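Enquirer: need the 3D shape of this:
(chains A, B, C and D)
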Number of protein chains: 2
Amino acid sequence: MKKLFPLVTTDIALFTIIDDSLRVLLVKRANTPEPGKWALPGGVLDPASDSDLDDTAQRVLSGKTGVDVPFLDQVATFSGATRDPRGWSVSVLYYALLPRDQVPAIAGKKTEAIEWRDAFAPGSRLAFDHADLIRAALATLRDKVERAALPLHLLPDRFTLTELQQTCELILGRALDKSVFRRRLKDEPRIVQLEGEFLYGSQRPAQLYGAAEGFRF
Amino acid sequence: MKKLFPLVTTDIALFTIIDDSLRVLLVKRANTPEPGKWALPGGVLDPASDSDLDDTAQRVLSGKTGVDVPFLDQVATFSGATRDPRGWSVSVLYYALLPRDQVPAIAGKKTEAIEWRDAFAPGSRLAFDHADLIRAALATLRDKVERAALPLHLLPDRFTLTELQQTCELILGRALDKSVFRRRLKDEPRIVQLEGEFLYGSQRPAQLYGAAEGFRF
DNA sequence: TCAATAGTGTCTGTTAGACACTATCCC
DNA sequence: GGGATAGTGTCTAACAGACACTATTGA
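Expert: Numbering: from 1, shown residues only, chains lettered A, B, ... in the order given. Below is the predicted model:
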């Protein structure tokens, strides 16, 4: 069956941190095409209920995971006659960040089989061109962090500078110098020191920080 | 009439340099909606002939201007129920660069009324949300040049370093230091000195350069 | 010779990287 | 005190900005 109009969908690369590694959410496809294969969560545009594609992405992700993500941004648009066996398709790719401490919430609400795969090695034989999409989303995320964006949306509300640094290191795939990292945050308006709040452990307590009002990335 | 499927189009912000200013190509709309208003060249996807949306963009631009541009890249995707009066629409925005010396070629082949507007002040009352699209395309272009991309596609095949610097300055909207600019190009593999070729004028001749093999941006 | 633009050299303040150092908790 | 991690100080090399300087043409 040949379609006259392209299929318009959004796919979302949802990242989080689990066990000190950057993970991306995959969903096992139940239906054709490509049943049984793992894919990024995605779904078709519903013109009746979505006011724009950002809406579509939020709705799709909310439907598959039960959570509303705090950050969602467009990566790029993939299109073509052959990338989906159903015919000409357009997929607008988004990426989203889920705070570390909200991962359990998804596990409880999921309706389909899901897996948190290593973002840098999500496995072969993914559905459609989703391996490419993951690479593109990862490149965008890395590029932003490289350009001094703060991935606070991957962290809990309160975090230490060491945690922030480790998160950046996971994304960038390389070690950062503690002194340099902190020096650059000295006059950073996007994070605020939580006066008198510390994280206690079996060592010197660490100052806690939070995102500033109006923080986006 | 309510559509079940969204309208999928591409719009292209085609930039060039005219009279020492950065310009963007606008086309006067002949048909509804918004007849008589100025808009970016654009057109609907044709699944039968386009293998992907990059194809669509090339085809649309070629059809409206008669030239094949050497550089075309995706900016972002705009979507929504209300941005086009015909109904739910998705527009994938591209930007393209036309070498300065090929501007006359377009004037000869055009089939519609066109204008090269100042990219930073393209005028008010543009069709649809195209003022937003121009801003987005410009931001992407500027960001790339800021990050050391070389806008060689705006220049002729052979150019001087001063011409390259002036082009960057037009895009960035600020003056650059000649010494700094040239220092950074010292070990630049993307441009090659054209041994023994100079541009002569009423002053010291200027060394000519060209883009290196395989140059993209 | 001068006007004009091409192209270079140099000083200086800022910043990134490396790495050693001090501080402060729990045990 | 010892172990561990938090947090700071300092040296150096690289780099950007500013700006003066030299070079080479046509008129």
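Enquirer: C-alpha from now on. contacts and neighbour counts both.
Expert: Noted.
Enquirer: tell me the residues on chain A that lie near chain B, please.
Expert: Along chain A, the residues adjacent to chain B under the rule CA under 8 Å from any CA of the partner chain are A:4-6, A:8, A:47, A:50-53, A:74-77, A:79-81, A:88, A:92.
Enquirer: again, only this time at 6 Å
Expert: Taking CA under 6 Å from any CA of the partner chain as the test, the list of chain A residues beside chain B reads A:51, A:52, A:53, A:79, A:80, A:81.
Enquirer: out of those residues, who's the most crowded?
Expert: Within the residues of chain A next to chain B, most neighbours by other CA atoms under 10 Å in any protein chain shown means residue A:53, with 27 neighbours.
Enquirer: what's the nearest residue to that residue if we skip its chain neighbours?
Expert: Take residue A:53 and drop its neighbours on the chain: the residue closest to it by CA to CA, 6 or more residues apart in numbering or on different chains is residue B:79, 6.0 Å away.
Enquirer: do residue A:88 as well
Expert: Leaving aside its sequence neighbours, residue A:88 is closest to residue A:81 (4.0 Å, by CA to CA, 6+ apart).
Enquirer: that neighbour contacts residue A:91, doesn't it?
Expert: No - in terms of CA atoms under 6 Å, residue A:81 does not count as a neighbour of residue A:91; the distance is 11.7 Å.
Enquirer: on that earlier part again, kindly export the one helix or strand the residue nearest to residue A:53 maps to (C-alpha atoms) in PDB.
Expert: Using DSSP states H and E, residue B:79 sits within strand B:71-80. Output of strand B:71-80 as PDB, limited to C-alpha atoms (Å, rounded to 0.1, in the frame of the first residue of the first chain):
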ATOM      1  CA  PHE B  71      25.900  24.100   0.400                       C
ATOM      2  CA  LEU B  72      22.700  23.200   2.100                       C
ATOM      3  CA  ASP B  73      22.200  22.200   5.700                       C
ATOM      4  CA  GLN B  74      19.300  21.600   8.100                       C
ATOM      5  CA  VAL B  75      18.600  24.200  10.700                       C
ATOM      6  CA  ALA B  76      15.500  23.000  12.600                       C
ATOM      7  CA  THR B  77      11.900  21.900  12.200                       C
ATOM      8  CA  PHE B  78       9.000  24.200  12.800                       C
ATOM      9  CA  SER B  79       5.600  22.800  13.300                       C
ATOM     10  CA  GLY B  80       2.100  23.500  14.700                       C
END
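Enquirer: quick one: strands adjacent to the next helix or strand after it?
Expert: Per DSSP H and E, strand B:71-80 leads on to strand B:89-97 as the next helix or strand towards the C-terminus. For strand B:89-97, the paired strands and their directions (DSSP bridges) read strand B:7-18 (parallel), strand B:71-80 (antiparallel).
Enquirer: and stretch A:181-188, which residues are buried?
Expert: Going by neighbour count (16 or more other CA atoms under 10 Å in any protein chain shown), nothing in stretch A:181-188 comes out as buried.
Enquirer: wait, does it contact DNA strand D?
Expert: Yes - where contact is defined by CA under 7 Å from any atom of the strand, part of stretch A:181-188 touches DNA strand D, namely residue A:182.
Enquirer: can that stretch be found next to DNA strand C?
Expert: Yes - applying CA under 7 Å from any atom of the strand, one finds stretch A:181-188 touching DNA strand C at A:183, A:184.
Enquirer: average pLDDT across that stretch?
Expert: When pLDDT is averaged over stretch A:181-188, the result is 95.
Enquirer: run through who's touching it.
Expert: Residues external to stretch A:181-188 that are found in contact with it (CA atoms under 6 Å, 6 or more residues apart in numbering or on different chains): none.
Enquirer: and it, how far out from the chain's middle?
Expert: From the chain centre to the centre of stretch A:181-188 is a distance of 25 Å (CA atoms, centre = their mean, to the nearest Å).
Enquirer: can you give me the end-to-end distance of stretch A:104-115?
Expert: Criterion CA to CA, to the nearest Å; first-to-last residue distance in stretch A:104-115 is 12 Å.
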